[in-house]
Structure formats: structure tokens, C-alpha cells
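**Q** attaching a predicted model along with its sequence, questions to come.
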Amino acid sequence: SRSIDLAVIPGDGIGQEVVAEGLKVLTAVLPQDVKLETKEYDFGARRYHATGETLTDADLEALKAHDAILLGAIGDPSVPSGVLERGFLLKLRFAFDHHVNLRPSKLLPGVATPLAGDPKIDFVVVREGTEGPYTGNGGTIRKGTEHEVATEVSVNTAFGVERVVRDAFARAQARPRKKLTLVHKNNVLTFAGHLWTNIFNKVAEEYPEVTTEYIHVDAATIYLVTQPERFDVIVTDNLFGDIITDLAAAVSGGIGVAASGNINPSREFPSMFEPVHGSAPDIAGQGKADPTATVLSVALLLRHLGYDAEATRIEDAVSADLAERGGLPARSTSEIGDALAVRVAG
Ligand code: IPM
Ligand code: MN
């Protein structure tokens, strides 16, 4: 019989609340014959304050045994900036080689957008997840003096670029519009930019049905606002992807509904699914957080594990719930989770 062995990392702040709802919906959507096992891990600010640890080798060993990871949010103002980002989140993405950072943007019915008119937004960003300026390759000399020099080297390998570009082409090929946009800055970042462009053009030859285009990242931020319908699948480097996916979230309903997957398509290591939003300490513990982004991340998780029908049921339930919510007074975190659980089960 089928089973899912899930590592659950609620984390800090609203992470706790939204993950509870994500699990509620996951439990409700799974057929009787699928055995769901969950193990909770206490990573985040509390563990860091108690032990000084963010993520140890033993933790990585333990996490490795699971089929997938569901993460709420990690981060708290009591921890110096960068400690949990580098010591937990990025460490995990690198250790498990999560090179496909998948971030869909879809403007669902009933959801408000700051954009004018009635834009059709339905695209997915494939953000490279293990290279670029995120590798921690840099340094500083003459630190603290007025002659300090800091470098932050963007690392781009042919291997790393090709595998994420291939993944993006395959995703574009599988979608009705079959369009793939490379976003970079090859007019200025000529070394990395040309590597990306050359590999993109080479792989494109294997996908004659996929329409391709290239857009500089600065221009892409304009088009994401003025003509978001232009995009179907976007492939881009780690840092550009970080920035444009926050913009993408803002135009398609905000971070309350933005889901993401940190994926290792080879399944050699478990992939991790998380809402794009952070731990929001200002509203933590008040039942105000929207669990929709986490619930949609659960849908991505299910699709990654091959449960397509269940993933679609969750996405349909979220659409219906958001459409119905328009105009109604805001509901609490658990009320939204309850409503979604009822919908996916029915
Ligand atoms: C994200 C976040 C992270 C990133 C930070 C917290 C390290 O902004 O998931 O987009 O930059 O990737
Ligand atoms: Mn980000």
C-alpha cells in the first residue's frame, strides 16, 4: 500500500499556525489507503537560543530519510539576521541539492491584485536554487576601514545551469502555452549571462514546440506589472528569481497565497515545500495568518510525490474558497483550514 513519510518543520511565528492547517488539509485529501506518517522537527529560533544549533549533520541525516519536507517559516527578530537564513534554510537547500526552486503565480478568481484592468496571470518561475550569488563565495578585506572591499561572487556552472534550464523546458513543454522566458542580465553580466544564454539556446533546439524569449531582469520587472500575461514559464538565476518571485507574489494575490517548492527532481534527497512568506512575528499567535500559501505548497508536495489528482483537488478547493471569500469578513487561520479540509474531502 502507499505511504507518505513526511518531515514537518513548523518553525517560527506564524509557521506553527499555517503548518497545522496544511496538515489538516493533507490528511483530509489523502485516500484511505495512503498511510501518512509525520515527524515534527523543532528547528528555528527556539532551538537556536536553547542549543546554539541551526541544523546539524545529524539533523540532515534524520531529514534525509523522509519522502518530503513541509516547512512553515524560519526566522525571528531575536536572532541576528543571516544566522537562520544561512544556517538553516540555505544549508538545507544546498545539502539536499534543491536546484529547482519552483514558484507558481496564478491570480485566482476573487483575489485582489494591485494591477489595473483584469490581468490574466498564470505563470511559474523556475528559480535556480543552489548557485549564483547564494553560494557564499566572497570575502572582505580591510574590514571596517573606509577602504573596505567586499566581493560576493556569483557561481554559475554549466552543469548547474543546464539541469535547471532542462527542467524549465520540460515544464514549459507540458503546459498548454508552451512558452519559456529566460530572465537574466546578459548585457552587463556577460560571463554568467552568456553561459545561461548559450545553454538556453542549445537546449531549445530539443524543444521545437516551445516558444522562447529572452528578457533582461530589469525589463522583466516592468512586464510583470504591465503585461503579466506575457509569461508562462520563466527560468532564471537564484538572486533574480528571489527578487522577481516576490514581485510575482505581490501582483497575484500577495504572499498569503504564494507557494513554493525546493525540489530535487532526482529524488535522491527529499524536496521541501514552503510558503514564500516568512514567520511574520508581528501577527504570530493571533490566528490572523492566511494558511493558503502553505496549503498550496502541500499541493506542490503531492504533485512532486505523484499524487496529481489530490494536488488538483487542493488547488480547486483553494480557488473555490478564495472566490467565495470575496466580500466576506476575514476568517481566522483555522477557519480557512477547516473550510479547505471540508472542500477537499467532499
Ligand atoms: C526566499 C527567502 C530566502 C532566499 C532567504 C530567507 C534566504 O527570501 O525563500 O525567497 O533568499 O532564498
Ligand atoms: Mn525571497
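**A** Received, thanks. Ligands and ions are numbered 1, 2, ... in the order given.
**Q** enumerate the residues of the stretch 51-200 of the chain near ligand 1.
**A** Residues of the stretch 51-200 of the chain lying close to ligand 1 (C-beta under 6 Å from any ligand atom) are Glu85, Leu89, Leu90. Any C-beta I mention is one placed from the backbone N, CA and C, and that applies to glycine too.
**Q** what bridges to Leu102?
**A** Here Leu102 sits in beta bridges with Val126, Gly261, as judged by DSSP bridges.
**Q** on that earlier part again, out of the residues of the stretch 51-200 of the chain next to ligand 1, which one sits closest to ligand 1?
**A** Among these, Glu85 lies closest to ligand 1 (C-beta to the nearest ligand atom), at 3.9 Å.
**Q** mind listing what that closest one touches?
**A** Gly75 (C-beta atoms under 8 Å, 6 or more residues apart in numbering).
**Q** hmm, back to that, switch the residues of the stretch 51-200 of the chain next to ligand 1 over to CSV; also include distance to Arg325.
**A** As requested, those are exported to CSV (distance: C-beta to C-beta, whole Å):
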residue, distance to Arg325
Glu85, 32
Leu89, 30
Leu90, 34
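**Q** any chance of the residues you listed in CSV, plus secondary structure?
**A** Putting these into CSV (DSSP: H, G, I helix; E, B strand; the rest coil) gives the following:
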residue, secondary structure
Glu85, helix
Leu89, helix
Leu90, helix
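**Q** and which of the residues you listed is nearest to Leu340?
**A** Comparing those against Leu340 with C-beta to C-beta places Leu89 closest, at 26.0 Å.
**Q** I'd say that closest one and Ile74 touch.
**A** Yes - judged on C-beta atoms under 8 Å, Leu89 makes contact with Ile74 at a distance of 5.8 Å.
**Q** more neighbours: these two, which one.
**A** Taking neighbours as other C-beta atoms under 10 Å, Leu89 and Ile74 compare with Ile74 leading, 28 against 21.
**Q** quick check: closest non-adjacent residue to that one.
**A** Distances taken as C-beta to C-beta, 6 or more residues apart in numbering place Gly11 nearest to Ile74, at 4.3 Å, with adjacent residues excluded.
**Q** how many residues are close by that neighbour?
**A** Using other C-beta under 10 Å, Gly11 has 29 neighbouring residues.
**Q** what score does it have for pLDDT?
**A** Note on Gly11: pLDDT of 97.
**Q** which residues touch it?
**A** Counted by C-beta under 8 Å, 6+ apart, Gly11 has contacts Val19, Phe43, Gly44, Leu71, Gly72, Ala73, Ile74, Gly75, Ser279.
**Q** tell me which of the residues you listed is nearest to Arg166?
**A** Closest approach to Arg166 among the contacts of Gly11 (C-beta to C-beta): Leu71, at 25.8 Å.
**Q** just checking, that closest one touches Val276?
**A** No - counting by C-beta under 8 Å, Leu71 does not reach Val276; the two are 11.2 Å apart.
**Q** the more surrounded of those two?
**A** Between Leu71 and Val276, counted using other C-beta under 10 Å, the more crowded position is Leu71 (27 against 22).
**Q** for the more buried one, helix, strand, or coil?
**A** On the basis of three-state DSSP, Leu71 is classed as strand.
**Q** which helix or which strand is home to the closest residue to it other than its chain neighbours?
**A** Nearest residue to Leu71 in three dimensions, chain neighbours excluded: Glu274, at 3.9 Å (C-beta to C-beta, 6+ apart). For Glu274, the enclosing helix or strand under DSSP states H and E is strand 271-275.
**Q** now what about that strand, what contacts it?
**A** Applying C-beta under 8 Å, 6+ apart, the contact partners of strand 271-275 are 18, 68-73, 92-93, 96, 98, 255, 258-264, 293-294, 296-298, 300-301, 304.
**Q** sort out for me which of these are in strands.
**A** Mapping these onto strands (DSSP state E) picks out Ala68, Ile69, Leu70, Leu71, Gly72, Ala73, Ala259, Ser260, Gly261, Asn262, Ile263.
**Q** output the contacts of Gly11 as TSV; include the columns distance to Val233 and pLDDT.
**A** Compiled in TSV, these are given as follows (distance: C-beta to C-beta, whole Å; pLDDT from 0 to 100):
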residue	distance to Val233	pLDDT
Val19	28	98
Phe43	32	97
Gly44	33	97
Leu71	24	98
Gly72	27	98
Ala73	26	97
Ile74	28	96
Gly75	29	95
Ser279	30	96
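**Q** kind regards, and thank you for your time.
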